[in-house]
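>>> Provided below are the primary sequence and the corresponding predicted coordinates.
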Amino acid sequence: MDPGWIPFHPNPSKPRYRPPAGAVDAHCHVFGPADKFPYAPERKYTPCDAPKEKLFALRDFLGFDKNVIVQASCHGTNNAALVDAMAASKGRARGVAVVGEEVSESELKSLDHTGVRGVRFNFVRRLVDFTPRAVLERIAARIAPLNWHIVVYFEMPDLPELEPFFTSLPTVVVVDHMGRPDVQKGVDHPEFQRFLRLLDQHRNIWSKVSCPERLSLAGAPYDDVVPFARALVERFPDRVLWGTDWPHPNMTKEAPDDGVLVDVIPKIARTPALQSSLLVDNPMRLYWTG
């Protein structure tokens, strides 16, 4: 574990909000344990172990039924910890993998069989080294026949450069954490309005309305992030997902209380119908029944 690493909250509060039956935490991770699933040599950070048993216990404590586990950059393209967690979930977890161009067809089919339903492309340079766009295009072409989608992680100022690539992809594209908008600029700022137009014009593009703890300037309960997430939920109710981001890697001040994060949900999805779409219908369609 890196010096100064902030581990996940040891004792999160019980949320006041009760998720609907079948609710899915559609963005979370597993890390290690390192003695069984070593971290990638090329990683840019070394987290604390956050094994599947901790994740599943948190899922039950918060009132969720299922998880979508996203491969994090510290494990590189070795998806063994992800596959292990999905196998242990007894059908209650799906995955988003990270693969390189060298991945074989048999490996892709094996990942599909275990429950992987997408791949992640990370464009945050402080977390990963640059991957040539031509390589990503070839990966996208290979996973499209599996009916997988592509998850993209970037920061809002980079959207103008990346938008032509995103709109050229042959799959559903899911944007992590609303593209990390600068909440100080407000929802009416041209940056966020450009993001809304992107979803308006391309129905294959979805957004996760997650990680207020990473975006907030005010801190918990993250009310300064609510208008951004609410705008997406109300404008695109059939193309939004929510997740805890547990175990919250690379936090700079403190680990968020996961119970507080869950209590943000009714602020951004203000009706039972919107909550059901966000937490049940959309993730089930993308990861289990689609």
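Here it is on my side, so go on.
>>> Can you tell me, leaving aside adjacent residues, what's nearest to residue 221?
residue 260 (5.9 Å; CB to CB, 6 or more residues apart in numbering). Every C-beta, even on glycine, is put in place using the N, C-alpha and C of the backbone.
>>> Quick one: residues contacting the one you found.
When contacts are counted by CB atoms under 8 Å, 6 or more residues apart in numbering, residue 260 touches 12-13, 15, 220-222.
>>> Can you list the strands that the longest strand seen in the chain pairs with?
The longest strand of the chain (DSSP state E) is strand 116-122. Partners of strand 116-122 in the sheet, by DSSP bridges, are strand 93-97 (parallel), strand 149-153 (parallel).
>>> Quick one: mean pLDDT for that strand?
For strand 116-122, the mean per-residue pLDDT is 96.
>>> Can you list the buried residues in that strand?
With burial defined by 16 or more other CB atoms under 10 Å, the residues of strand 116-122 counted as buried are 116-122.
>>> Tell me the one among those residues nearest to residue 66.
Closest approach to residue 66 among the buried residues of strand 116-122 (CB to CB): residue 117, at 12.3 Å.
>>> For residue 67, see how far away the closest one is.
12 Å (CB to CB, to the nearest Å).
>>> Quickly list what's touching both of the two.
Listed as contacting both residue 117 and residue 67 by CB under 8 Å, 6+ apart are residue 94.
>>> Can you report phi and psi for residue 43?
Main-chain torsions, residue 43, degrees, to the nearest 10: phi -60, psi 150.
>>> ditto for residue 24
The phi/psi pair for residue 24 (degrees, to the nearest 10) is phi -120, psi 130.
>>> Identify the residue spatially nearest to residue 85, adjacent ones excluded.
residue 52 (3.9 Å).
>>> which residues sit in contact with the one you found?
By CB under 8 Å, 6+ apart, the contact list for residue 52 reads 30, 81, 84-85, 88-89.
>>> Could you identify the buried members of those?
Using 16+ other CB under 10 Å as the burial test, the contacts of residue 52 include 30, 81, 84-85, 89 as buried.
>>> Check those residues and tell me the two furthest apart.
81 and 89 (12.8 Å).
>>> mind listing the strands for the stretch 101-250 of the chain?
Using DSSP state E, counting those that start in this stretch, the strands of the stretch 101-250 of the chain run over 116-122, 149-153, 173-175, 205-208, 240-241.
>>> Take those and lay them out in JSON lines including distance to residue 164.
Output for the strands of the stretch 101-250 of the chain, formatted as JSON lines (distance: least, CB to CB, whole Å):
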{"stretch": "strand 116-122", "distance to residue 164": "14"}
{"stretch": "strand 149-153", "distance to residue 164": "13"}
{"stretch": "strand 173-175", "distance to residue 164": "13"}
{"stretch": "strand 205-208", "distance to residue 164": "13"}
{"stretch": "strand 240-241", "distance to residue 164": "23"}
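>>> Low-confidence ranges, the stretch 101-250 of the chain, go.
Applying pLDDT under 70 to the stretch 101-250 of the chain flags residues 128.
>>> try 80
Along the stretch 101-250 of the chain, segments meeting pLDDT under 80 span 125-130.
>>> Report the separation between residue 147 and residue 171.
Between residue 147 and residue 171 the distance is 8 Å, computed by CB to CB.
>>> Of those two, give the one with the bigger neighbour count.
residue 171 (18 against 12; other CB atoms under 10 Å).
>>> just checking, the more buried one touches residue 146?
No - using CB atoms under 8 Å, residue 171 is not in contact with residue 146; the gap is 9.3 Å.
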